[in-house]
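> Return a 3D structure for these sequence lines:
(chains A and B)
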Amino acid sequence: MPRITINGKDLEFTKGQTILQVALDNEIEIPHYCYHPGLSIVANCRICLAEVWAPNPKTNQLEAIPKLLPTCQTPAGEHQVVYTDSPKAIANQKAVMEYLLINHPVDCAVCDQAGECHLQDYSYQYGRSQARFAEEKIKQPKKDVGKHVLLYSDRCIMCTRCVRFTREVTGTGELMVTGRGATEQIDVFPGVPVDNELSANVIDICPVGALLDKDFLFQQRVWLLTKTPSIDGITASGDNISIEHNKGIIYRIKPRVNMDVNKWWITDEVRYGWKHVHSDQRITMPQVKGEEPYQSSEAPLAYEAAYALVNRRLAEAGRMALLVSPMLSCEDAYLLATYVRSIDPDAILAMGPVPRHGQDKTFPGSSAGAGFKLYAEKAPNARGVRRVLSKMSDSVLDFEAFTKALQKESSINAVVLTGNYPSDWATGALLAALDAGESRQNGRFVALIDTLNTKLVDRADVVIPGATWTEKAGVFENANGRLQAFERAITPIDYTKSESQIALDLAAASAASDLGLQHAIYNPAVVRQTIASTLGLPEFIQNVHYPAVLGEVESDMALIEL
Amino acid sequence: MPIPDSDIIDVTPRRVSRSESLFLPAVFKGLGTTLRHVFQNVGRDGKTKKNIWVVQYPEEKRDDRPVTEGGQERETFRGVHRLNRDEDGRVRCVACFMCATACPANCIHIVAEESPWPDREKYPKQFDIDELRCIYCGMCEEACPVDAIELTPFYEITGLSRQEMIFDKSKLLEVYDRTIDEKPM
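You can find the predicted model right below:
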């Protein structure tokens, strides 16, 4: 392999890599704004310029290339020696920083990007502490450029990442550069706002605070947020996300880089798909039909009553059915199904409706970041649930077959339903099917484990509040059969519990049921091992992809040993 | 480098003797100090520093005395907070969360909103300080980039409930109106 020396370090590289890529791969920091691995290279920000010495082909002696070279664009060459910390390179970095800050408002105190701003970081590391610019700064307008995006032209450094994104990744090309020199601005074409399914990614790739999220605007300062690695819980894409929250409230979702799944991007649908978590329509307390609504101080009582009733009615029922929603994790599906099966070994296992909207869509694009796929299937774990349930039952009914079975077989005396959909899923067909069959004394017993208030809540005999995917840990299988683990971001809101915990609690409260798990507290790793050993699904140990540990943040303050 | 013997202090606890293990001598020694202070201050007005300052609070207040006679340092005293107003009487705060970030007691809770004024991006929709949780360290004052939050020399804040002691934006601005004459910005 060819070798190159960067800042005194002898490194290997593959042919075709640029100097900046070699440096980044080897954790050498070279400042850069306009370079983004998923976009084409334009070398217009000029801060990554470095002093390069290359061997003269005739004499094979190292000679300095007279001008500084943009490392993002210059291919690494055999036996080159690169300095980004030579006086010449440092002088350039300082000059670039000073130029960029000439017209920058430096309103970090009120800027949402502060804390994750490259301009701020590089100004601290490579810039100078005081401005020498005595003249008036140019004021540029704020613009509303799209459904989710605000543009503060003042803060823009014209790296054109956003312009390249709309041209190369989405192929929609809404953004452009207008004007020249001091009047140069990013803008949209008149009457054509940034409106595509990936539009909010321009906010992430903006290295400064020029493109801001309308939804997150002024909500929190970024350093107050805790990031938890998670997986898309809205569609079948399995996109890697990080949920950013503070004090039990989610504030935003950002993409996590995973070259095998979503690369650098996520869709707007996933990014803003967490709103139902904090919806006022959430069910927060168990409800038992015919009983007074429980007060918030009576949560343990409410759970006790709900569990007791469910266990009693299921034990009496004889034949029962379980509907597992594709919004649930594999662990939830396994524990709920095991619980129901422990009471009735022949219980019908079925999978909830898998919503689909439109067609799958691929963004062709032209750069490294292109080829993003948008999935029409709006459930994160249809395959995972089926994978688990099909090992427990010979025939896992789909939703249509389930409603038909309810209508035909009047012997099904009890139904356990799980929802967890981000919107109302109670269809008339389901409601009708629940009450269909021969008339019996008490009607069919319906236990509902759901998150949002729907018509089903009125029909159900017992309602137990479930937790959305942000409030629990588990495994989802995406549309390509990739098993990915996600972690719990926030504690379940109010008095809700994760479906797995509900299944464990129900089993613990029941005399008849024993799940074969020693732990009363839900532990996803233990459940995965149990799935692997009891169901013969070794992939739940071997093939689950765990989130890479998010990069540890190093402090620039020296640690003083006391 | 080895540590020289002269720098090493042996801190092994000494064996307690039989008389010491009763702790009675130590108790009387401590009580003696208390009693000495009591008797030395009997009949004194406490205004000269012979032993300790005596202030007959609440009849007399430290505010009334000069600093050299045990009075309060009004300039730098860290009492109840106030939110300053600008020239137009609007709240100065720009809701940058610096005080909330600097606060070691996590007693400042801000909800920001887009400001209704053209000269400013952001302003606090809500600004709550839990005066019971606050440790009056003055870090918020230190962190504020626009001199919007300040501690005043007033320390007599009372309330009948915990809720009452969470000062909101209007109350903090009211503190400003009351204290601006005493402590100008």
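
> quick check, residue A:254 in a strand?
Yes: assessed by DSSP: H, G, I helix; E, B strand; the rest coil, residue A:254 belongs to a strand.

> list the buried ones in stretch A:398-414?
Residues of stretch A:398-414 classed as buried by neighbour count (16 or more other Cβ atoms under 10 Å in any protein chain shown): A:399, A:402-403, A:406-407, A:412-414. C-beta: built from backbone N, CA, C; applies to glycine.

> residues touching the residue positioned nearest the centre of chain A, list them.
What sits nearest the mean C-alpha location of chain A, by Cα atoms, centre = their mean, is residue A:241, with 2.1 Å. By Cβ atoms under 8 Å, 6 or more residues apart in numbering or on different chains, the contact list for residue A:241 reads A:229-232, A:253-256, A:266, A:270-271.

> I'd like to know which of these is nearest to residue A:298.
Residue A:298 lies nearest to residue A:230 out of those, by Cβ to Cβ, at 32.0 Å.

> Show me which helix runs longest in chain B.
Taking DSSP state H as the criterion, chain B has its longest helix at helix B:24-41.

> Just the strands from the stretch 151-300 of chain A, written as ranges.
Secondary structure of the stretch 151-300 of chain A by DSSP state E, counting those that start in this stretch: the strands cover A:175-178, A:185-188, A:211-213, A:226-231, A:240-246, A:249-255, A:287-288.

> I would like the residues contacting the longest strand belonging to chain B, please.
Longest strand of chain B, by residue count under DSSP state E: strand B:122-130. For strand B:122-130, the surrounding residues in contact (Cβ under 8 Å, 6+ apart) are A:110, A:218, B:81, B:83, B:90-91, B:93-96, B:107-117, B:165-169, B:172.

> for it, the distance to its chain's centre please.
Centroid displacement of strand B:122-130 relative to its chain, using Cα atoms, centre = their mean, to the nearest Å, is 21 Å.

> Check stretch A:367-382 too.
Relative to its chain's centre, stretch A:367-382 lies at 12 Å (Cα atoms, centre = their mean).

> likewise stretch B:149-159?
9 Å.

> and the next element down the chain from the longest helix of chain B?
Sequence order places strand B:81-83 as the next helix or strand after helix B:24-41, per DSSP states H and E.

> elements contacting that following strand?
With contacts defined as 3 or more Cβ pairs under 8 Å, 6 or more residues apart in numbering or on different chains; DSSP states H and E, strand B:81-83 has these neighbours: strand B:149-151, helix B:169-179.

> Could you list the domains of chain B?
Here the domain assignment for chain B is B:19-53, B:72-178, based on automatic domain parsing.

> what's the span of the shortest one, first residue to last?
Think domain B:19-53. 36 Å (Cα to Cα, to the nearest Å).

> What of stretch A:52-68?
Using Cα to Cα, the two ends of stretch A:52-68 sit 7 Å apart.

> List of residues touching that stretch?
Taking Cβ under 8 Å, 6+ apart as the rule, stretch A:52-68 contacts A:19, A:49-51, A:69, A:74, A:77-83, A:88-89, A:92.

> Which positions within stretch A:374-389 qualify as buried?
A:374-375, A:377-389.

> Could you check which helix or strand contains residue A:96?
Assigned by DSSP H and E, residue A:96 falls in helix A:87-100.

> And for residue A:401?
helix A:399-408.

> helices or strands next to that helix in the packing?
Under the contact rule (3+ Cβ pairs under 8 Å, 6+ apart), helix A:399-408 is packed against strand A:319-324, strand A:348-351, strand A:412-418, helix A:428-435.

> Just want the angle from the longest strand of chain B to helix B:169-179.
In terms of direction (axes from the mean of the first three to the mean of the last three Cα atoms, to 10 degrees), strand B:122-130 departs from helix B:169-179 by 80 degrees.

> avg pLDDT for strand B:122-130?
Regarding strand B:122-130, the rounded mean pLDDT is 95.
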